[in-house]
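A.B. asks: Prediction below, plus the sequence it came from.
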Amino acid sequence: MSLVSLAVVFWELRQGRKQSRTSALIQIYDINRQLLGMGFDRPEFFCVIGGTSGEEETVRRYLQLWLNQIALIVHLNEQGLLTRSQWHSLEVDIECLFETSELKNLWSELRPFYPEPLSSFLDDKVAAIEAKEKAEAPRVETSAA
């Protein structure tokens, strides 16, 4: 009986650590969102972190917020905190977001700054979208000269 109790305690401790890590990640992304929000309010702040203060930089930073949100979603799924239907719904949303060339281009640029599980997940999504686009593109026939 005490062995079972000990196993339950260890399982609960492990779950508590997972929850603590997830809470910390949520706080980090929230701070990131707040810092970027300051840049949206005062676009010249984007210059401080190596960007420009134009509309293009604002769009880029907005899309970066979406990448951070997707990173959090993938992490929550890896931790088993999403139901199967929640994950499916969010995965479809992510696929729709990556059908825009702006987000795909930004992903290729920012990929090194994100953790491996997210990189693999998004690389697979981008590859699938590109394969679908290629298959749907009108084929140009080449004639023999």
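C.D. replies: That came through fine.
A.B. asks: Identify the residues contacting the helix or strand containing Leu110?
C.D. replies: Leu110 belongs to helix 101-110 when assigned by DSSP states H and E. Residues lying outside helix 101-110 but in contact with it, judged by Cβ atoms under 8 Å, 6 or more residues apart in numbering, are 59-60, 63-64, 66-67, 97-98, 122, 126, 129. All C-beta atoms are positioned from the backbone trio N, CA, C, and that covers glycine.
A.B. asks: Inside helices: which ones of those?
C.D. replies: 59-60, 63-64, 66-67, 97, 122, 126, 129 (DSSP state H).
A.B. asks: Now the buried members of those residues.
C.D. replies: By neighbour count, with 16 or more other Cβ atoms under 10 Å, the ones in helices among the contacts of helix 101-110 hold 60, 63-64, 67, 97, 122, 126, 129 as buried.
A.B. asks: Arrange these in a markdown table, one row each, with distance to Thr22 and pLDDT as further columns.
C.D. replies: Output for these, formatted as a markdown table (distance: Cβ to Cβ, whole Å; pLDDT from 0 to 100):
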| residue | distance to Thr22 | pLDDT |
| --- | --- | --- |
| Arg60 | 27 | 85 |
| Leu63 | 24 | 89 |
| Gln64 | 21 | 88 |
| Leu67 | 18 | 92 |
| Leu97 | 22 | 89 |
| Leu122 | 20 | 96 |
| Val126 | 26 | 93 |
| Ile129 | 28 | 90 |
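A.B. asks: Let me know the closest of the ones in helices among the contacts of helix 101-110 to Gln34.
C.D. replies: Of all the ones in helices among the contacts of helix 101-110, Gln34 sits closest to Gln64, with 13.6 Å by Cβ to Cβ.
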